[in-house]
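Visitor: sequence and predicted structure are below.
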Amino acid sequence: MDGSARPLVRRQQADRDIEDTIDHCLTVSAKVAMGFVDALERAFTHIGRAPDTGSPHWAHALDVAGLRSWRCSGYPQVVFYFVFNDRTEIWRVLHGRRDIPSWLDDDPQAGSHLTINEPGPSSARPRLRPAAAP
């Protein structure tokens with residue numbers, strides 16, 4: 001693949017992972033939660049622009065062709081994704097010290113068609129917003 005920008009699509013399980021991480025971060029502070037959202041949006045921007053730069057480590061370790069990963073800067077979360085001709089699909093967003101093989105098996109077929117939007121205004125609970133229906 002040529003690494004050109006493709007739309008990002010988040011699976012439902014990835015959205016649940018993100019919500020769980022935000023909830024956990026909020027138990028520490030709103031600043032930590034906002035920092036995570038910022039780091040995740042930077043990771044998504046990078047993956048959207050240069051999807052082929054993600055690590056293929058877990059693809060080899062788990063024998064899952066095409067699986068790539070990218071770590072969120074400053075946070076232990078790792079974004080797991082696949083690159084297709086027409087899109088880049090965010091599969092999971094997991095803590096890097098978890099048992100990654102078993103966590104990747106959790107609900108692998110759950111899907112959604114959400115794209116990443118520009119960050120919205122600050123609020124008490126940071127969130128990544130779903131895209132409008134195509």
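Guide: Yes, it's here.

Visitor: contacts for stretch 89-99 next, please.
Guide: Here stretch 89-99 makes contact (Cβ atoms under 8 Å, 6 or more residues apart in numbering) with 8-11, 13-14, 17-18, 21, 40, 44, 47, 67, 71-72, 76-82, 100, 103-104, 106, 108. (Glycine included, C-beta is placed from N, CA and C.)

Visitor: state the mean pLDDT of it.
Guide: Mean pLDDT, stretch 89-99: 88.

Visitor: contacting residues around residue 100?
Guide: 58, 62, 78, 94 are the contacts of residue 100 under Cβ under 8 Å, 6+ apart.

Visitor: turn those residues into JSON lines, columns for secondary structure, neighbour count and distance to residue 33.
Guide: Below are these laid out as JSON lines (DSSP: H, G, I helix; E, B strand; the rest coil; neighbours: other Cβ atoms under 10 Å; distance: Cβ to Cβ, whole Å):
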{"residue": "58", "secondary structure": "helix", "neighbour count": "18", "distance to residue 33": "26"}
{"residue": "62", "secondary structure": "helix", "neighbour count": "13", "distance to residue 33": "30"}
{"residue": "78", "secondary structure": "strand", "neighbour count": "22", "distance to residue 33": "18"}
{"residue": "94", "secondary structure": "strand", "neighbour count": "23", "distance to residue 33": "17"}
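
Visitor: of those, the lowest pLDDT goes to which?
Guide: Least confident of those in the model: residue 62, at 81.

Visitor: touching, that one and residue 101? I think so.
Guide: Yes. Using Cβ atoms under 8 Å, residue 62 is in contact with residue 101, at 5.8 Å.
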